[in-house]
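> pasting the sequence and the predicted model now:
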Amino acid sequence: MNHIPLSWIFLQCAAVFFSSGLAENAVLKGGESGSDELPTEGKSLDELIKYNMRKSLDLDQEGCYLQQGKKECLEECGFNATAKTIFIIHGWTMSGMFEGWMHKLVAAVMQRESEANVVVVDWISLAHQLYPDAVNNTRLVGSSIATLLDWLQEEQQLPLQNVHLIGYSLGAHVAGYAGTYVQGTIGRITGLDPAGPMFEGVGEQKRLSPDDADFVDVLHTYTREALGVSIGIQQPIGDIDIYPNGGEVQPGCSLGDVLSMAGNFMEVMKCEHERAVHLFVDSLMNKDHMSFAFQCTGPDRFKKGICLSCRKNRCNNIGYNAKKMRKRRNSKMYLKTRADTPFGGYHYQMKMHVFNRKQSDNADPTFYVKLYGAHNDTENVFVDVPDSVGLNVTNTFLVFTEEDIGDLLKISLIWEGAADSWTSVWKNIKQSFWSWKTKPTNPVLEIRRIRVKAGETQKKFTFCAQDPSKTEISPGESLTYVKCRDGWEVKPRKRLPM
Ligand SMILES: *[C@@H]1O[C@H](CO)[C@@H](O)[C@H](O)[C@H]1NC(C)=O
Ligand SMILES: *[C@@H]1O[C@H](CO)[C@@H](O)[C@H](O)[C@H]1NC(C)=O
Ligand SMILES: *[C@@H]1O[C@H](CO)[C@@H](O)[C@H](O)[C@H]1NC(C)=O
Ligand SMILES: *[C@@H]1O[C@H](CO)[C@@H](O)[C@H](O)[C@H]1NC(C)=O
C-alpha cells in the first residue's frame, strides 16, 4: 500500500540527487564561458589520486602519502609489507569532501587491525563530477591502484593475498578495476552497496565481479527501484552477496525515522545507501556479537523463514568477519537487522500445522507470538505472513528478536481478536446475512505443536501445547506451548553420504 508514495518520494529524491551534481558542476564551470575544461585538467595523476596512509587514530592528523615509485615515502609512512594492507575507497561525491562515514570506517579498521597498513584512496576531485563522468573515472582510479600494488609487489614483495580493498558505492567498482588490472590476484574485495546506475546489467569487465579478487563479498542495502534504476546495484556481483533486510528497506531509515531527526528526503537515501558502511563498521567493532546471513533464493522465501540452514556453507558472518567460501558465485544471502548498532539480532523459524476446525476458511488469522527465554522474554511479536495462513497445511514463519533471550523455554501464540479486523467483520456480516438462522460462530483452529529452529545456534526444538486437552484457538485467545515431554530437542539427522 505504501509503495506508491515511497516510489514517488524516491523519484523526487533521485531528481535532486542527480541534478544537484549537475548544478554544482555548472557552478564549477561557471565563468569559463563555454569552455569544456574540467576542473581536473592540468593536474597530474598524482594530484588527482592520492594514497593517504593513516598512521594514528587521531584522524585530524594528516597521515602521509604513498606514491608509486617513491621508496622514501614507504619508509616515512612506516609501510610494513608483511602486515595486512587495507585500502578504503570512497564513491561519488556531491560535496567534494569526505563524508562522516569515512572517519568511522578508518577508525574501526585501525582498531581491529592495529598493525595493518590502512590507506585511504582519495580520488575526490575525480569523483566530484557529473555522475556519468565520475563513473568513467572509476577505471582510471582502479588502474592507478593496480599500478601502485604492482610496484609494491616488486619493490617490497608485498603478497597480494594480504591486500583487502573496501569500496563504497562507486568505490566498489573502482576496486573491481584494480582487481582486473593488477598483476596477480588480490586477496579480498568488499563492496559496500556498490553503485547501480550505469552498472546494473553491464558485463563483468565493467563492474565489480567475482574474478576481481580471491574473495569478493558484497553488502546490498539500497536496491529499491524506481523507473528501472536503483542507487545500489540489485544483481549479485560477488562470491557472496548479502541483502540485509532484503536489501530494500533498512530499519531506522524510514521517512518518519529520518524526518523526526530533522532530516530531509535526501537523508532517507543516504541512510539506506550508507547503511552498508555502518553494518561493516559494526562487524569490525562487535566481534563478539556477529550477525549471520543465510543463503536463500529470494527475499520472499527468507521472509517465510524457509532459509535458516547452515549446512554446506549456507550461512556466513556478515561484514569483516565473513568467511571465504569455496567459489560459489552469486550466492544471495539474507538476514534481518536491528535499526542501530549492534545491528545483529536473532532469527527463529517456526513451523506449525494449522488444522481448520470450524468456519475458518475465510478467517485470515492474524497471529502474534511471545517467546519466553532463559534470560528474558520478548514482547508480542507480529507474525508477518507474506501470503495468508494456510489451513490444513504446515506453515513456516520467521520470527526475529532484537535481544538474546537465551534458550527458548515457552511460546505463547496469540490470535488477534476478529473484531480488530474490518475484513472479518464484513465477512461475519455477510455470513450472518446468508445464514440468518444461525448466529455466526467463532472460527476455531487447532495447533498441536510448534517446531522451532534457532538460526544463530542451529538448535531445533519441538513445543507442545501446555495443556494437551487445549489445542484449539479462536480469535482473541492465546495458547501456550512448552517443551514436549518426549524428546523435545531434535537431534540433527545423520547426514546422508553423498
Ligand atoms: C609487520 O607486521 C608483522 C605482521 O603483522 C608483524 O609481525 C611485525 O612485527 C610488523 N613489523 C613492524 C616493524 O611493525
Ligand atoms: C572517459 O575517460 C577517459 C579518460 O580516462 C577520457 O579519455 C574519455 O574521453 C572519457 N569518456 C567519456 C565518454 O567521458
Ligand atoms: C480443512 O479441513 C476441514 C476438516 O477436515 C475441512 O472442513 C475444511 O474445509 C478444510 N479447509 C481447507 C481450506 O482445506
Ligand atoms: C528484557 O527485555 C525488555 C524488553 O523486552 C528490556 O526492557 C529489559 O531490559 C530486558 N531485561 C534484561 C535483563 O535484559
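Thanks, I have the structure now. Ligands and ions are numbered 1, 2, ... in the order given.
> the residue in the chain that ligand 2 sits nearest to sits in which helix or strand?
Evaluated by CB to the nearest ligand atom, the chain has N136 as its residue closest to ligand 2, separated by 3.7 Å. The C-beta positions use only the backbone N, C-alpha and C, and glycine is treated the same way. Of the helices and strands defined by DSSP states H and E, N136 is found in helix 131-156.
> neighbours of the closest residue to ligand 3 within the stretch 51-200 of the chain, how many?
Proximity of the stretch 51-200 of the chain to ligand 3 (CB to the nearest ligand atom) peaks at E200, 41.6 Å away. Around E200 there are 19 other residues, counting by other CB atoms under 10 Å.
> ok, the residue nearest to it when sequence neighbours are not counted - contacts?
Counting by CB to CB, 6 or more residues apart in numbering, E200 lies nearest to I233, which is 5.5 Å off, once chain neighbours are set aside. By CB atoms under 8 Å, 6 or more residues apart in numbering, the contact list for I233 reads 193-196, 199-200, 207, 220, 223.
> mind doing that once more with 6 Å?
I233 makes contacts with 194, 196, 199-200, as judged by CB atoms under 6 Å, 6 or more residues apart in numbering.
> ok, of those, which come out buried?
Burial by neighbour count, judged by 16 or more other CB atoms under 10 Å, picks out 194, 196, 199-200 from the contacts of I233.
> where do the strands of the stretch 101-250 of the chain begin and end?
Along the stretch 101-250 of the chain, counting by DSSP state E, counting those that start in this stretch, strands occupy 117-122, 163-168, 186-192, 213-219, 240-244.
> what residues does the stretch 251-400 of the chain have near ligand 4?
Within the stretch 251-400 of the chain, the positions near ligand 4 by CB under 6 Å from any ligand atom are 376, 379.
> 5 Å instead, please
Residues of the stretch 251-400 of the chain lying close to ligand 4 (CB under 5 Å from any ligand atom) are N376.
> avg pLDDT for stretch 448-457?
Summarised as a single mean, pLDDT over stretch 448-457 is 95.
> contacts for stretch 234-246, please.
208-210, 215-221, 223, 293, 299, 318, 330-337.
> lowest-scoring secondary structure element of the protein by mean pLDDT?
Scoring the helices and strands of the chain by mean pLDDT, DSSP states H and E places helix 3-29 at the bottom, with a mean of 37.
> after that one comes which helix or strand?
Past helix 3-29, heading to the C-terminal end, the next element that is a helix or strand (DSSP H and E) is helix 45-48.
> can you name the element that comes right after that next one?
Moving toward the C-terminus from helix 45-48, the first helix or strand encountered (DSSP H and E) is strand 50-54.
> that next one - contacts with which helices or strands?
Contact here means 3 or more CB pairs under 6 Å, 6 or more residues apart in numbering; DSSP states H and E; on that basis strand 50-54 packs against strand 64-66, strand 117-122.
> name the nearest residue to whatever residue of the stretch 151-300 of the chain ends up closest to ligand 1, sequence neighbours excluded.
The nearest approach of the stretch 151-300 of the chain to ligand 1 comes at N162, 8.9 Å away (CB to the nearest ligand atom). In space, N162 comes closest to K84 once its chain neighbours are excluded; the distance is 5.1 Å by CB to CB, 6+ apart.
> taking the stretch 101-250 of the chain, what residue is nearest to ligand 4?
Distances between the stretch 101-250 of the chain and ligand 4 by CB to the nearest ligand atom are smallest at N245, namely 20.8 Å.
> that residue and V281, how far apart?
Note on N245: its distance to V281, by CB to CB, to the nearest Å, is 17 Å.
> repeat that for I88.
In this view, I88 and V281 are 11 Å apart by CB to CB.
> identify the contacts common to those two.
L105.
> what's the burial count for the closest residue to T378 other than its chain neighbours?
Among residues not flanking T378 along the chain, L371 sits closest, at 4.6 Å (CB to CB, 6+ apart). Residues within reach of L371, counting by other CB under 10 Å, total 23.
> all strands for the stretch 251-400 of the chain, in order.
Taking DSSP E, counting those that start in this stretch as the criterion, the stretch 251-400 of the chain contains strands spanning 292-295, 315-317, 331-335, 346-358, 367-373, 381-382, 393-401.
> ok, which of the ones you listed comes nearest G252?
In terms of CB to CB, the element of the strands of the stretch 251-400 of the chain nearest to G252 is strand 393-401, at 14.4 Å.
> follow-up on the earlier one: now render the strands of the stretch 251-400 of the chain as JSON lines, adding mean pLDDT and distance to ligand 1.
Shown next, in JSON lines, are these (pLDDT from 0 to 100; distance: least, CB to the nearest ligand atom, whole Å):
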{"stretch": "strand 292-295", "mean pLDDT": "96", "distance to ligand 1": "28"}
{"stretch": "strand 315-317", "mean pLDDT": "94", "distance to ligand 1": "22"}
{"stretch": "strand 331-335", "mean pLDDT": "95", "distance to ligand 1": "30"}
{"stretch": "strand 346-358", "mean pLDDT": "93", "distance to ligand 1": "35"}
{"stretch": "strand 367-373", "mean pLDDT": "95", "distance to ligand 1": "41"}
{"stretch": "strand 381-382", "mean pLDDT": "92", "distance to ligand 1": "45"}
{"stretch": "strand 393-401", "mean pLDDT": "94", "distance to ligand 1": "38"}
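> and of the ones you listed, who's closest to Y181?
Scanning the strands of the stretch 251-400 of the chain with CB to CB as the criterion, the closest one proves to be strand 331-335, at 26.0 Å.
> for that closest one, packing partners?
Using 3+ CB pairs under 6 Å, 6+ apart as the contact criterion, the neighbours of strand 331-335 among helices and strands are strand 240-244, strand 292-295.
> most packed of the ones you listed?
The highest average neighbour count among those, using mean count of other CB atoms under 10 Å, belongs to strand 240-244 at a mean of 26.
> pull it out as PDB, backbone CA atoms only.
The C-alpha trace of strand 240-244 is given here as PDB (Å, rounded to 0.1, in the frame of the first residue of the first chain):
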ATOM      1  CA  ILE A 240      28.700 -13.900  -1.700                       C
ATOM      2  CA  ASP A 241      26.100 -11.100  -1.900                       C
ATOM      3  CA  ILE A 242      24.300 -10.200   1.400                       C
ATOM      4  CA  TYR A 243      21.000  -8.400   1.300                       C
ATOM      5  CA  PRO A 244      20.300  -7.200   4.900                       C
END
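> what strands flank that strand, and is each parallel or antiparallel?
Applying DSSP bridges, strand 240-244 is found paired with strand 213-219 (parallel), strand 331-335 (parallel).
> nearest to F382, out of these?
For the strands paired with strand 240-244, the distance to F382 is smallest for strand 331-335, at 18.6 Å, taking CB to CB.
> what angle separates the closest one from strand 346-358?
Relative orientation of strand 331-335 with respect to strand 346-358: 80 degrees, computed using axes from the mean of the first three to the mean of the last three CA atoms, to 10 degrees.
> restrict strand 331-335 to CA atoms and write it as CSV.
Taking C-alpha atoms only, strand 331-335 is exported to CSV below (Å, rounded to 0.1, in the frame of the first residue of the first chain):
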residue,chain,number,x,y,z
SER,A,331,25.2,-16.8,-3.7
LYS,A,332,22.5,-14.5,-2.3
MET,A,333,22.2,-14.3,1.5
TYR,A,334,19.7,-12.6,3.7
LEU,A,335,19.3,-11.5,7.3
